[in-house]
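mind folding the following:
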Amino acid sequence: MILNDGDIEKCKRDFIDVKVPMLEMYLPGLRTSGIEQLEKNPSPRIVKTHLPTDLLPKSFWKNNCKIIYMARNAKDVAVSFYHFDLMNNLEPFPGSWEEYLEKFMTGNVTYGSWFNHVKNWWNKKEEHPILFLYYEDMKENPKQEIKKITQFLEKNLNDEILDKIIHHTSFEMMKENPLVNYTHLPSTVMDHSKSPFMRKGVTGDWKNYFTVAQNEKFDTIYKNEMSGTSLQFCTEIKGTKSQI
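As a prediction, this is how the structure comes out:
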């Protein structure tokens, strides 16, 4: 929406995975791969990926591509990832929440360790044009964060356009938008009856899943893994904020 100056009609031209192809996406016999779709899209292109820094194609670094990295606190990521794997039929069944959390803490999940992922991207921004954003900040003050993106993309948008972007990219609007909520994919890929792709979009949902013992174990691992980094994550927005 920023690149299209808030023009809703332009943004409605196709599904999100066509407008913003996922680099590593490949669905045999079902859809065009991310790479094939990217080759069709005109420049300048937007590319989506969940890849860690060491798996990103070297051409991204060589060509000095601008990168926006959205980081989210580990506990909410674990809960969100668990529900995604429940409905994502391209992934193995995640098992129980208890089993999944153990795998998440040891990095035995898709894309590997959350800890290594955020730390490596955080460090990479020292040598590459990377805008490092926090999901929690976007939820708490979307206008402030969207302004950061407009500046990063060298766009100059007025408040009216910014407010329009905030409205149309809110979780509530996107959840009901068939162009971005992935309901257009067959249930053999994403089964929305198990869990919607756009599930809750809140900060602090982890409290509904973590037991006291799980939380204590997670905090111990977190402290060890994140020692020596200046990264600070917020695990809830409303009321008192706890930092991990």
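
would you mind measuring from the closest residue to residue 199 other than its chain neighbours to residue 56?
Nearest non-adjacent residue to residue 199, counting by C-beta to C-beta, 6 or more residues apart in numbering: residue 83, 5.6 Å away. Where C-beta positions appear, they are placed from N, C-alpha and C, glycine not excepted. In this view, residue 83 and residue 56 are 26 Å apart by C-beta to C-beta, to the nearest Å.

centre-most residue in the chain?
Nearest residue to the geometric centre of the chain (C-alpha atoms, centre = their mean): residue 70, 5.9 Å.

hang on, residue 4 is in a helix, isn't it?
No - under DSSP: H, G, I helix; E, B strand; the rest coil, residue 4 sits outside any helix and is assigned coil.

if we can go back for a sec, surely the residue nearest to the centre of the chain touches residue 139?
No - at 11.2 Å, residue 70 and residue 139 do not qualify as touching, with contact defined as C-beta atoms under 8 Å.

where does this structure dip in pLDDT?
Scanning the chain for pLDDT under 70 picks out 30, 181, 198, 237-244.

can you pull the contacts of the closest residue to residue 7 other than its chain neighbours?
Setting aside the residues directly before and after it, residue 7 is nearest to residue 1 in space (C-beta to C-beta, 6+ apart), at 7.9 Å. With contact set as C-beta atoms under 8 Å, 6 or more residues apart in numbering, residue 1 has these partners: 7, 11, 164, 165, 168, 169.

same thing but 7 Å
Applying C-beta atoms under 7 Å, 6 or more residues apart in numbering to residue 1 gives the contacts 11, 165, 168, 169.

can you tell me the helix or strand for the residue lying farthest from the centre of the chain?
In terms of distance from the mean C-alpha position of the chain, residue 213 ranks first, at 27.5 Å (C-alpha atoms, centre = their mean). Residue 213 belongs to helix 212-225 when assigned by DSSP states H and E.

what ranges does the protein have for its strands?
67-71, 130-134 (DSSP state E).

can you list those in JSON lines and add distance to residue 49?
Formatted as JSON lines, these follow (distance: least, C-beta to C-beta, whole Å):
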{"stretch": "strand 67-71", "distance to residue 49": "9"}
{"stretch": "strand 130-134", "distance to residue 49": "13"}
